[in-house]
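Student: This is a predicted model, with the sequence first.
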Amino acid sequence: MLREPNEDFNLKELNQHIQALTEIDFELAYLALLTCRGLKPLSRWEKPLDDDGLELLQKMGLLTKQIRRTVKTGKEVVETIFSRLPAYIQLYEQRFANKPIDKSVQTQLFEGLLFGYPPCCVNQYIRQPYAPNNLTTREQKILFHWACTNCKITPVLLNAYKSVYDLLNNT
């Protein structure tokens with residue numbers, strides 16, 4: 001179900017939704033808040049999420065969609081994607097709905113674009129996954145991409161991500 005964002009929620013309601021999502025999973029709440037604040041254009045949750053979880057995301061003003069995919073064994077998996085912008089949901093759905101999960105270069109480049117990863121980091125990851133970088137373990141942990149060495153974009157993202165991460169850890 002695709003739902004239009006709700007722009008009329010207040011900070012108290014947002015905090016309640018974030019707290020409820022944190023009870024489901026801290027990382028889900030973290031992704032939701034990053035996406036809600038526009039730091040990630042699109043996020044993907046790869047674990048089961050029920051209607052209550054979807055409703056919490058929607059109450060935060062996020063559009064949601066559950067996408068069915070398959071793994072190499074043929075087993076079906078359901079991914080939940082969410083964004084503030086319908087175009088990101090539509091692009092992801094058009095490209096991946098009812099298709100096998102793959103890690104091709106084309107897929108990694110497209111996902112990097114949709115998820116807001118710096119292109120230099122995506123390209124480095126494709127060439128050499130998990131290459132050493134200049135980040136601390138804690139810094140790398142709060143990102144959703146593997147940073148390349150000397151990236152100019154990641155430090156800016158990292159500061160914004162840290163503020164959201166620390167906010168969630170203090171609630």
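Tutor: Sure, I can see it.
Student: Map the structural domains onto the sequence of the protein.
Tutor: 1-101, 117-171 (automatic domain parsing).
Student: Among these, single out whichever gets nearest to residue 108.
Tutor: Residue 108 sits nearest to domain 117-171 of all the domains of the chain, at 5.5 Å, using CB to CB. Bear in mind the C-beta positions are built from the backbone N, C-alpha and C, glycine included.
Student: For the residue most central in space within the chain, give the beta-bridge partners.
Tutor: For the chain, the residue nearest the mean C-alpha position is residue 43 (2.5 Å; CA atoms, centre = their mean). With DSSP bridges applied, residue 43 shows beta-bridge pairing to residue 82.
Student: which stretch in the domains of the chain has the least confidence?
Tutor: Comparing mean pLDDT across those, the weakest is domain 1-101, with a mean of 90.
Student: Which residues are in contact with the residue nearest to the centre of the chain?
Tutor: Residues in contact with residue 43 (CB atoms under 8 Å, 6 or more residues apart in numbering) are 31, 32, 34, 35, 81, 82, 83, 115, 144.
Student: Can you tell me how far it is from residue 85?
Tutor: 12 Å (CB to CB, to the nearest Å).
Student: What of residue 38?
Tutor: Distance from residue 38 to residue 85, counting by CB to CB: 9 Å.
Student: cool, and residue 20?
Tutor: Residue 20 sits 24 Å away from residue 85, going by CB to CB.
Student: what's the strand or helix carrying residue 80 packed up against?
Tutor: Assigned by DSSP states H and E, residue 80 belongs to strand 76-83. Strand 76-83 is packed against helix 26-36, strand 43-45, helix 51-59, strand 63-70, helix 86-96, with contacts defined by 3 or more CB pairs under 8 Å, 6 or more residues apart in numbering; DSSP states H and E.
Student: Buried residues, the first one. List them.
Tutor: Residues 28, 29, 30, 31, 32, 33, 34, 35, 36 are the ones in helix 26-36 that count as buried (16 or more other CB atoms under 10 Å).
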